[in-house]
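K.L.:
here are the coordinates; sequence isn't available:
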């Protein structure tokens with residue numbers, strides 16, 4: 001038989017995990033991606049396209065980076 005001498009209290013913390021998307025000019029995509037990495041996001045470009053207004057990239061970012 002085990003005798004409990006002291007009960008250890010544990011706490012569980014909840015971490016919000018979120019996915020976000022940013023659209024930026026294609027020429028600036030690395031600057032945006034690096035800023036997201038610096039802020040703690042895991043970020044990658046998942047789509048690029050051109051339209052009448054220029055060339056664009058969509059960055060998908062997950063926070064926190066794991």
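P.N.:
On my side now, so go ahead. The structure presented is a predicted model; accordingly, all values stated were derived computationally and were not measured.

K.L.:
where's the helix or strand of the chain with the lowest mean pLDDT relative to the chain centroid, distance-wise?
P.N.:
Ranking every helix and strand in the chain by mean pLDDT, DSSP states H and E puts strand 18-25 at the bottom, with a mean of 89. Computed by Cα atoms, centre = their mean, to the nearest Å, the chain-centroid distance of strand 18-25 equals 9 Å.

K.L.:
Now do the buried residues in it.
P.N.:
Residues 22, 24 are the ones in strand 18-25 that count as buried (16 or more other Cβ atoms under 10 Å). For every residue, glycine as well, the C-beta is placed using N, CA and C.

K.L.:
Report the residue spans of the chain with pLDDT below the cut-off.
P.N.:
Scanning the chain for pLDDT under 70 picks out 1-16, 65-66.

K.L.:
picking up where we left off before, how about residues contacting whichever helix or strand comes after the least confident helix or strand of the chain?
P.N.:
Using DSSP states H and E, the helix or strand that follows strand 18-25 in sequence is helix 29-38. Residues from elsewhere that reach helix 29-38 (Cβ atoms under 8 Å, 6 or more residues apart in numbering): 22, 24, 43-45, 48, 57, 59, 61, 65.

K.L.:
which two of the residues you listed lie the greatest distance from each other?
P.N.:
Greatest spacing in the contacts of helix 29-38, by Cβ to Cβ: 48 and 65 (22.3 Å).

K.L.:
Distance of residue 32 relative to residue 45?
P.N.:
As judged by Cβ to Cβ, to the nearest Å, residue 32 and residue 45 stand 9 Å apart.

K.L.:
list residues touching both of those two?
P.N.:
Residues touching both residue 32 and residue 45 by Cβ under 8 Å, 6+ apart: 57, 59.
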